[in-house]
Every structure is written in structure tokens, then in C-alpha cells.
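Trainee: I would like the atomic coordinates for the input below:
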Amino acid sequence: MTTDERKRLIQRELSALERLDADRDVRERLARIERLGDLYYDVDQFQHAAQKYHDYRTLAVTNGLLTAAEAAAVRIKEGWCLYERGDLTETERFLAETEMELADLPPEERRTLEAELNILIGYLDVRRGRYREALDRCERAFRVLRKSGGESSLAKLQIGFGHVYFRTGEMARAREYYEDALASARRAADPRRLVQATINLALVCKEQSDYDRALYLLEQAKEILRTSGHFSYHAHVLLNLAVIHSHKGNLQLAEEAYRDSLRIYMQTGQQQCASLSRIGLARIQILRGRVREAKGLIESALSSCVEQGYLREEVLIRRDLGDIERLTGDPEEALRIYRQALAAAAPLGESSEHAVQIGRRIGVTELRMGALAEAGSTLRRALVVSRKIGERFEEAVVSCALGSLAAVEGRSDEFERMYRIGIDQLRKMGEKVELGKALVRHVRFGIDRIEPDEGDLQLEISEARKIFREAGVPVWLGKARLEEARLYAREGISEKWEVAIEHAEKIFAEAGDARLIDQADSLRRAIEERAVDRSLSGRNDHLAINDLLPALSDDFSLKHLLDELVTRTDGERGILVVFDGVDGAPVERAVHGLSIAEARETVHALQPILLRSESGGRPFLSTAVPKDPRIPGREIANGGAVQSILVVPFRTSAETAGAIYLDRGEHKAPYGSRELDLVVGLVRSQRFALSLLASRQRELVEENVRLRREMSRSTHFDQIITQSDRMDDVLDLVRKVAGANVTVLIHGETGTGKQLIAQAIHAESPRTSGTLYNVNCATLPEQLLESELFGHAHGSFTGAHADKRGLLVEASGSTVFLDEIDKMNVRVQSKLLHVLEEKRIRPLGKNEYLDVDVRFICATNKNLMREVKEGRFLEDLYYRLNVISIDLPPLRERVGDILLLAQYFLRVFSAEMGKETVRLDDTAARALVRHTWPGNVRELRSEMRRVVVLDENGVLTADHLSPAIRGAARSEAPRAAGGEGTLKDRMERYEKELLRDVLDRHGGNVTKTARYLGLSRWGLHKKLDKHGLR
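Mentor: Have a look, this model is predicted:
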């Protein structure tokens, strides 16, 4: 009978039960209630089944229609329902009461019922991890049932024996009992036990790494379930299919099966099994590097396991929690959790599979912590036990771990032998993901051997990459790429090792794993430093003279030299810097590929690196500038396009020192040893020193002229009040893009000055003679916005009484600023996209098109990419608008601008109202700086206008401010900077106190302090020097 047939039968029985007279048809009511209990049990609705059995007992006892033995038999049925639901504590209490009731029965009535009860208590003991007690219960039941028991009861008992031996690692005996149970279930035509025995046989095959046989048995179980129903057993099949798919590297299939099984277990109320599904899902997330999701799944499962006493599941969860700590870089905490898990697993037996798994993890963690003797002892013990219980998977993984230990101890032959054992065994078992991990570790340790076979290692890493890519395990794919980078670096193939590290960093960034990103960055730095060491070895001193200098004429200039050097190194830009003899300031003596202004910005950004050059320091190589923590702010002039830089210092005399700077863009391979050797060889040559001295005065004059020409500044930015480095960067970008006829998209919170930036772009552009047309997309309804932009014909909609020229026609030749572009509906977005693509519009109600020439500047305070993903903004329009993107920092990230802006607004509003300029006192200044300014500059402007209106004595104190701002002065305020003096003097004192306070709050960390104050590191250093705080 299928599940659907049983459910229809349940409905018929319920209807029939309702029709029966409660007083006259008691016996028939009892029969139907018990029948309903059996049907509910068969469709896995254990809660309903338990309730019906309880109702049956209550009604029968009340009417004196049930013997004590019959009542006990029904109690046992009710006990099975509680057990299947997974409420082990309640089940244990209930069965204890049932056992006491059986004790009062005559021996001849009690014998068979006790056997049935012992089977159920044995199952419960297995779940509780009490295997010795479970075996005792099963043996007591067997002594009765072997003579008089039915085949169905015998199948249940044989499965119980199988559970005990399976959990204690005796797989051969477990398999024997499950096969006997399969035969008994077939004879009894009991589909529930038939499926149960088949699933458990599959589990034995899985533990013996016979995955193909396990899959075959699970498919058989699915066939039985198609006709028999038993909803919860579908979940059991799915759970075990997930485990096998995971071992075979099919993580997508595994995840789907785990989620389906979890859904069914939650519907049937089987919390213990649901915990197993969550544990499996957590393992998948750990493999994929999604540690946060894994931790959430594990923690949700742990509470129910501890509460209900699910010992085995609790051990598995603690094991996985240890894995997470180890993967996130806390081996001490991982070791503590593993030892807790091992102690919790003690009742399961020291030879259980769980004890082996945890022991192996303890050994690997001890190895990572450098406790080699302890690691060796732990791992060798785990190897012995895994061989004893036939756990081939653990045996293979422990063998590889012992190989890693041998590598660390310098025993290369043992390293190779143990890894070969483990890798070969994993390959035979079809354990793809773990095989890939073993290959990566073998390469990692193999690279450091004296004479590694790099060809073999390259093949291994390629195989590992293929495994992780196909299995969908990105984090380990990234780890494989790091080892591949190390291989390429040994061979001196710079373009390949950089690509490999770049790929790894991208993977780790997508996974959100900062620790692995740091590992990749550390590897890059190590490779770069090795290249520097080789360049200084003396082997390349003749290189520049033999290769580069013959290409130059006798009277070559430093500019000619730099041009040739950039060309020979396939660079894009270059600067030759000499430190001035008077105050040590760097002077750009030659520039290639960038303006003098950009060169000066670059030199300023690289100041700490160039200071090393002034004292004749080591060359500097960076192959990934945007990620290099050694570069202040990680930005160079036009730095978005710079990927790799080379800085080589020189000292040609006691008075003359400097450096050569070269860079490459992101579309080229990074610099490597060849380029480094060339430049180092050049600066060591005598001809270079003579040429530098001879041309110094001439080059200096030329550079000064060029600097004066390049450094002329625009005056269109007077309305933008700032001393913030971040806003300076924004204004520099505005200057660069203003003259280009490209669309600009401005991002910023409300009140950050998006309209001012739009005005500055327009004022600096060739369209400055025209009007800047402002349109706020949020203030106009859909049809009115469309009409306003594109125009309309008479009668095109209700209220269109005459033709109207659209704003885009009016603005032709000028600039349109579309504020809150995210509020524009999709229909109007589509028409705007057409304008951007075709440069023409069609007014509402008209058929002809009109040509337009408009530059668009758009602004938003939303994440437009998120709007695209959620279907509220057209993707094509987003990319059309986002040609140039300008991000405005909020005022809370421009702390240094708050008082500057406040003073500006106080002057302006005081003048407007004919008052003396209102002054800030120290309490007000502290409150203003401490406030987070959710409304940004607009909020500050409104607050200053309010206080000027209310001012009576010309001094603004904290008490005059709004309550929200006034409260900020009372929390974490820096020491008062009081005293007399001019405003400038007092502000200087306050700035010093603020710097000291913010530095203290960030533990002296300059980078964090600079970020908080909206300054660059070097801007902050200058202020610290000014106030003597270094």
C-alpha cells in the first residue's frame, strides 16, 4: 500500500469514527482508533500515531475492555512513536514506566512483551551511545524470539544487533546481522524493516569505501519506497546518498540531498536525524569556505543534541566546531574543542570511527603547532586503530598526515612513502575531494625538498585543480593555485606565478576569508623579496652596460635614459628621482608616461619607500599594487590602472642619491627578476653616475618650468570646503573627468554634496557656458517625469493641452543632472537608455525623433547593482551610466572637515542675518566632532543655521545644540582644549587633543586612525609631526 493510499484510508477511518456513537459503539471505536494509530505510524506521522495509541489505552481502560498485557502491548507501540520522533528523554521516561508495568504481569504473558520492549530499549541505548547496554537488551530479546518470535520482530532485533556492531566499528558482524534482517523482512513482507535493513547495509558498504555497492543498495531502497511509502525513510535514503555523493566529490548533489532530507525530517519531527542533515550541510559549507554558514548550522544542531542527549551527533558537531577553529587560524582553540569531543566520544569506545577521526585531527593540529613528538604519537595511534577497524579512508588520510610530519622532520624518503600510500589508497577508493587535498599538501611539502621532481609536482597540482573545480570546492582550488604559484616562482616564470596568486586571491575574496587572503599576500611578498635578493647578488652587474647603454648616444639626457629603460622593461610609466642636497626633498629629474603633477603625487604616495632609497636601501618590487600593504593607501597617481611597480635606489656620490621608479598596468604581467636585474645593473654603472651629475642643473631647471605649468589649479571648487584627503581625491577625479564628454555616476549618502559635485563637473567642462539642468527623479510622478524629460504632443494624455518641448531638447549642448536616478521607473529608464545609445528622443504622442546632445550626470544614494539584481533598475542602463563613478564619503569619515565646515556655515549665516560671526567654544566643538551626522553636510548646515537664528551672545556652546548632538559631547570626549588665544590657536590645541584621543582609541594604529579621520597615512603623519605626537 502506498503512502497516498494510506492517507486516503486514514480519512475514511476518521469519517467513520466521527459517525460512531460515543457510548454505544465503544468496541468498534476502539478498533478504529487502533487502526488509525497503525496507519499514522505507517505514514510516519508519529505524533498523531502516539496520540491515537494513548486515546485507545485511555478509552479501553475506562470501559474495562483491556487486559494489562494488551495495555502494555499498546504502550510499546506508543513507545516506538516517541522513539521515531527523536524525543529520547521522553522516550526513556515512558519506557521505564512501561517496564515497571510489565513487571506486574504473569511470566507467561510478560515474556514476549519484554522481548519486544527490550528491542526498543536497545535501539534507544544505541542512540544514547550505550552500546554495551544495547547489546545486553538485544541478547535478552533474542533468547525469547529465536523460539517463538515472528519474522518481523526478528528483523527488528537483527537490525538492533547490526546497529550495535556498526557503531562499535565491527563492520563484518554488522553486515552479517543486516543481511539476516533483510532475509527476515522479506519473509515477513515487512516493507519498513526491508527498507531499514537495506539502508543500513548501504551504510556498511559506505564505511568500507564500497561506494558503488552502497549506491546500488540505496537505489534498491528507493524502489521499495515507491510502492510502500514510509515518508521518513525517503529522508534516510537521501541522507545517505548525500554522504556518498560528498565522498565522491559531487558536492552539488550532496547539498541538494542533505537539504531535502532535512526538510522531511523537520516535517516528521525527527530532530536527531535532522541534526545529522545539518552536520552534513555544515561539512559541505566548510569545504566551500563558507565558515559563517557552517557555524550557524552546527550551532543550531548542537543545542538540540545536548538537550536530547544525542551523544553520537554531539561528538560529530564538536568535531566540526574544532575544524572551523582550525580553518580560521586558531589551532589552540581547535585542539581544546577536539579534546572535548574525544572525551565525549569515550562511551562510544576508543576504537570507534569517531575516536579515530578526532584523534587524527588532534595529531594534525599538534603538527601545525610544532609539537612534533606529540603529533607523531597521536597520528601513529590513529593509524593503528584505523587499520584495526578497517577504516580505509582514515587510514589513507592519517598516512598522508604522517608524511607531512616526516617532511617537517627532514625524513624525505618517509615523507614520499607515506604520501604515496595515502594518495594511492584515496585514488582507489574514489575519494576525490580528499585526494585533491592530499595532492596539494604533497606539493606543498615536496617543493621544499632538496631535489623535487617539478614535472611530477606540476602534474599533481593540475590534477588537484581539476578535482576542486569539478567538485565545486573553491577555497581548496585557491590553495592549489598558491602551490602552483610557488612552483612557477621556483622556475622563474613571473607572469605565471602572479596570475596564479591573483586567481587565488579572487577566490578567497569571494569566500570572505581574510586569513587566506593574507596567506596569498604573504606568498607574493616572499617571492618578490627573493627576486630582490637575486638582483643584488652581483651576478648581473655587467648586464646594463652590455645591453642598455650602447643604445644611448654620448650626450644622452636622463629623460632619454628613462625612456629607453621603460621601453626595455616593457613598462608604461617611469620617474627618475634625485633627493635635493639642501633638505632632502625628492625632485623629479625625468618623467615618462605621466605629467609632472602626477609624478609628484606618485612620489608623495611612495614617500616611505623612497626614504629607504635615500639611505641606499634595497630595491622594492610589488607585483600587486592595489593589495600591497607596504604602499601607503595602496594608491599611486592614476593608481587604479597600476598593477606592478619597481623602485631601485642608487647613490652615485656622498651628495647624490635617488631612485628609479617604473610601473606596469593591470593588462600586463608583473615585473620579475629580468627587469629587476636590468635596472640594478644600470644604476651600478659608472656611466650612469657621470651622466647624472652632468645633467643635474639642466634637468632641474626644465623640471621646475614644467612643474609651474602643470601645477596651475582651477578655481571652480571654492564652494567645496574640505581639508580631507578623501575629498581631495574626489576633486582630483572631478578635474580629470570634467573635460571628457562622458556620463558620470555620483554615489553618496543624503546630504554629502552630490549636487555641488555635479555643478563643479559642469563648471569645469567645455559645456560651462550652458545651463546645468537639475531634475530630481523622486519628486515627479512617472508620466510627468517622462513628459518633463522628453516632451509631449497636444492631447497625448489627459491635461496635455499643448505641445511641450522636453528638457532634453532644451538642454542640448549642455548638461543634465538627474538626482535620485534610482527612483526613475523602468519605463522611463528604458527611454533614457535609448537616448544614451542613439542620441535622440521621441516626445510622448509623436512619431518623429529629435536629435539631442546632452551630457548626463546622475546621482544616487542606493546601491544600484543591488537594484539591478532585484529587478528595479535596468542592467544595460546601469553600465551606460557608470562610465565614471564618483563615491562621496559621508561626513563621519571626514572628521577633519566638521569644524572647518561649521565655521564656514557660521560665517555665512551670521552675515546673512546681520550678526557678528558666532564663535564655537570647546564644548560645542567636541560635540560636533563626536556626532555621527546621519544627514551629513546638509544636517550640519541646518544645525548651524538654527543656532545662528537662536544665538543671543555670539558664542556657541554645547548647550545650544540639538539634544542628539549635545549628547555626543558627554561620551568618550577627549581632554578639553581650553584656554585663551585666537580661534586658530584654540583649534590647533583641539586638533592635537583629538589626534591623541583617536590614536589611543585605535591602539596607536596609524592606518585605522587615518581612516577614521578621513586622512591618508602620510597626511596623518604630517599632523602628528606638527604636534609632536610621533
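
Trainee: what about Phe790, neighbour count?
Mentor: The local packing count at Phe790 equals 25, with neighbours defined by other C-beta atoms under 10 Å. (C-beta placed from N, C-alpha, C; glycine too.)

Trainee: Just to check, it is in contact with Pro843?
Mentor: Yes: with contact defined as C-beta atoms under 8 Å, Phe790 reaches Pro843; the gap is 5.3 Å.

Trainee: Need the residues touching each of those two.
Mentor: Shared contacts of Phe790 and Pro843, defined by C-beta atoms under 8 Å, 6 or more residues apart in numbering, comprise Gly806.

Trainee: Val591 pairs with what?
Mentor: Using DSSP bridges, the beta-bridge partners of Val591 come out as Ile575.

Trainee: hang on, isn't it packed against Leu562?
Mentor: Yes: in this structure Val591 lies within contact range of Leu562 using C-beta under 8 Å: 7.5 Å.

Trainee: Mutual contacts of the two, please.
Mentor: Overlap between the neighbourhoods of Val591 and Leu562 consists of Gly574, Ile575, Leu576, taking contacts as C-beta under 8 Å, 6+ apart.

Trainee: can you pull the contacts of the second one?
Mentor: Okay, so that is Ile575. Remark: with contacts taken as C-beta under 8 Å, 6+ apart, Ile575 is in contact with Leu562, Glu588, Ala590, Val591, His592, Leu594, Ala599, Thr602, Val603, Ile660, Tyr661.

Trainee: who wins for neighbours among the residues you listed?
Mentor: Note: the member of the contacts of Ile575 with the most neighbours is Tyr661, at 29 neighbours, neighbours being other C-beta under 10 Å.

Trainee: Which residues lie in contact with Leu238 in this structure?
Mentor: Applying C-beta under 8 Å, 6+ apart, we find Leu238 in contact with Ala257, Tyr258, Asp260, Ser261, Ile264.

Trainee: shaky segments in the stretch 351-500 of the chain?
Mentor: Low-confidence regions of the stretch 351-500 of the chain, defined here as pLDDT under 70, cover residues 351-352, 448-454, 492-495.

Trainee: try 50 this time
Mentor: 450 (pLDDT under 50).

Trainee: The stretch 451-600 of the chain: strands as residue ranges?
Mentor: If you assign secondary structure with DSSP state E, counting those that start in this stretch, the strands in the stretch 451-600 of the chain sit at 573-579, 586-592.

Trainee: now those as JSON lines including mean pLDDT and distance to Ala172?
Mentor: Listed next are those as JSON lines, based on pLDDT from 0 to 100; distance: least, C-beta to C-beta, whole Å:
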{"stretch": "strand 573-579", "mean pLDDT": "87", "distance to Ala172": "72"}
{"stretch": "strand 586-592", "mean pLDDT": "84", "distance to Ala172": "77"}
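
Trainee: Any chance of the contacts of Leu238 in a markdown table with neighbour count, distance to Glu505 and secondary structure as columns?
Mentor: Formatted as a markdown table, the contacts of Leu238 follow (neighbours: other C-beta atoms under 10 Å; distance: C-beta to C-beta, whole Å; DSSP: H, G, I helix; E, B strand; the rest coil):
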| residue | neighbour count | distance to Glu505 | secondary structure |
| --- | --- | --- | --- |
| Ala257 | 24 | 33 | helix |
| Tyr258 | 27 | 30 | helix |
| Asp260 | 18 | 35 | helix |
| Ser261 | 27 | 36 | helix |
| Ile264 | 21 | 40 | helix |
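
Trainee: For Gly370, state which of these is nearest.
Mentor: Within the contacts of Leu238, the smallest distance to Gly370 is 36.5 Å, found for Tyr258 (C-beta to C-beta).

Trainee: All the strands of the stretch 851-1000 of the chain, residue numbers only.
Mentor: For the stretch 851-1000 of the chain, the strands defined by DSSP E, counting those that start in this stretch cover 855-860, 884-887, 919-920, 955-956.

Trainee: in the second one, what counts as buried?
Mentor: With burial defined by 16 or more other C-beta atoms under 10 Å, the residues of strand 884-887 counted as buried are Ile884, Ile886.

Trainee: by contact count, what packs against that strand?
Mentor: helix 725-738, strand 744-747 (3 or more C-beta pairs under 8 Å, 6 or more residues apart in numbering; DSSP states H and E).

Trainee: Give me the mean pLDDT for it.
Mentor: Strand 884-887 carries an average pLDDT of 94.

Trainee: quick one: strands adjacent to that strand?
Mentor: Strands flanking strand 884-887 in the sheet, each with its direction: strand 744-747 (parallel) (DSSP bridges).

Trainee: And Glu391, how far from Val398?
Mentor: 9 Å (C-beta to C-beta, to the nearest Å).

Trainee: out of the two, which sits in the busier spot?
Mentor: A direct count of neighbours by other C-beta under 10 Å for Glu391 and Val398 places Val398 higher, at 30 against 25.
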